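Asker: heads up, no residue letters with this:
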């Protein structure tokens, strides 16, 4: 079967803020030079939702307001799978554990074996849905990415230990928020970072979530649970 590489895939991205109320730092890494999507760019950990993610149990679930926002402008309920994907991608790409101590009731899927071996269950309550963006047409890969913000204090493992990370991202580091734009960033990452900076001192999930909705007809900047399109169009 031929896979359409330009089909839009659901994806989850994780923004981890450390010392957010005093001296905020954000966790980022660099994509490889040969990567088909955003080569050499500094990005947040994240990736596409896997089919198995919908079946992975969570010790705790997303905040209700985040689940409601994720249901908007969506053909089906992706909230559980997206939360699982966010935790899995954070683990795979950084080696950081977002979870709570506990034993699995079932054998974990292969992608979760190393996570389960740490003695933790994935826990979604710290994830706050703060942004959504669809990759514009014409790109080699297209994603419907939901961005989740978490406070680094919710991480169960050593914040400076990336030894369990895969090689998807290099130069993993905590970057001071005021200095992050000195790095080579994708456009959408810069937009999300502006939203994150505005929310650095707000510990509650947002009631309204920005949404870059790019499709073949038009590019709109909307707000989920807002009053409709915002002024202007994205370019």
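Answerer: Alright, I've got the coordinates. Since we're looking at a predicted model, the values are computed, not measured.
Asker: pull the helix or strand with minimum mean pLDDT from the protein.
Answerer: Lowest on mean pLDDT, DSSP states H and E among the helices and strands of the chain sits strand 219-224, with a mean of 83.
Asker: pull the distance from it to the chain's centre.
Answerer: 19 Å (C-alpha atoms, centre = their mean, to the nearest Å).
Asker: show me which residues of it are buried.
Answerer: Under the neighbour-count criterion of 16 or more other C-beta atoms under 10 Å, strand 219-224 has 220-224 buried. In this view, the C-beta of every residue, glycine as well, is placed from N, C-alpha and C.
Asker: do the same with stretch 43-58
Answerer: 43-47, 49-50, 52-53, 56, 58.
Asker: could you dump those to TSV with pLDDT, distance to residue 145 and secondary structure?
Answerer: Converted to TSV, these look like this (pLDDT from 0 to 100; distance: C-beta to C-beta, whole Å; DSSP: H, G, I helix; E, B strand; the rest coil):
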residue	pLDDT	distance to residue 145	secondary structure
43	95	11	strand
44	96	10	coil
45	96	12	coil
46	96	7	strand
47	95	9	strand
49	97	10	coil
50	95	15	coil
52	92	19	helix
53	95	15	helix
56	95	19	coil
58	96	20	coil
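Asker: turn those into TSV, columns for distance to residue 156.
Answerer: Listed next are the buried residues of stretch 43-58 as TSV, based on distance: C-beta to C-beta, whole Å:
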residue	distance to residue 156
43	23
44	19
45	16
46	19
47	21
49	23
50	22
52	22
53	20
56	17
58	14
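Asker: what's the closest of the residues you listed to residue 160?
Answerer: residue 45 (15.2 Å; C-beta to C-beta).
Asker: tally of neighbours for the nearest residue to that closest one once chain neighbours are set aside?
Answerer: In space, and not counting its chain neighbours, residue 45 is closest to residue 93: 4.1 Å by C-beta to C-beta, 6 or more residues apart in numbering. Residues within reach of residue 93, counting by other C-beta atoms under 10 Å, total 23.
Asker: who are the packing partners of the longest helix along the chain?
Answerer: With secondary structure taken from DSSP state H, the chain has its longest helix at helix 79-94. Packing contacts for helix 79-94, counted by 3 or more C-beta pairs under 8 Å, 6 or more residues apart in numbering; DSSP states H and E, involve strand 8-18, strand 25-31, strand 46-48, helix 64-71, helix 113-116, strand 120-122, strand 142-151, strand 169-176.
Asker: direction included, what does the second one pair up with?
Answerer: It stands for strand 25-31. The pairing partners recorded for strand 25-31 under DSSP bridges are strand 8-18 (antiparallel), strand 42-43 (antiparallel), strand 169-176 (antiparallel).
Asker: show me what the shortest one is in contact with.
Answerer: Around strand 42-43, the neighbours that count as contacts under C-beta atoms under 8 Å, 6 or more residues apart in numbering are 13, 28-31, 169, 171, 175, 180, 183-186, 189.
Asker: circling back to that earlier point, tell me which other helices or strands the least confident helix or strand of the chain touches.
Answerer: strand 209-214.
Asker: which residues touch the residue nearest to residue 45?
Answerer: Here residue 93 is in contact with 29, 45-47, 165-166, 168-169 (C-beta under 8 Å, 6+ apart).
Asker: how about those residues in TSV, adding distance to residue 197?
Answerer: Shown next, in TSV, are those (distance: C-beta to C-beta, whole Å):
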residue	distance to residue 197
29	19
45	19
46	19
47	24
165	26
166	29
168	26
169	22
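Asker: out of those, the closest to residue 85 would be?
Answerer: Closest to residue 85, out of all of the contacts of residue 93 and judged by C-beta to C-beta, is residue 47, at 7.2 Å.
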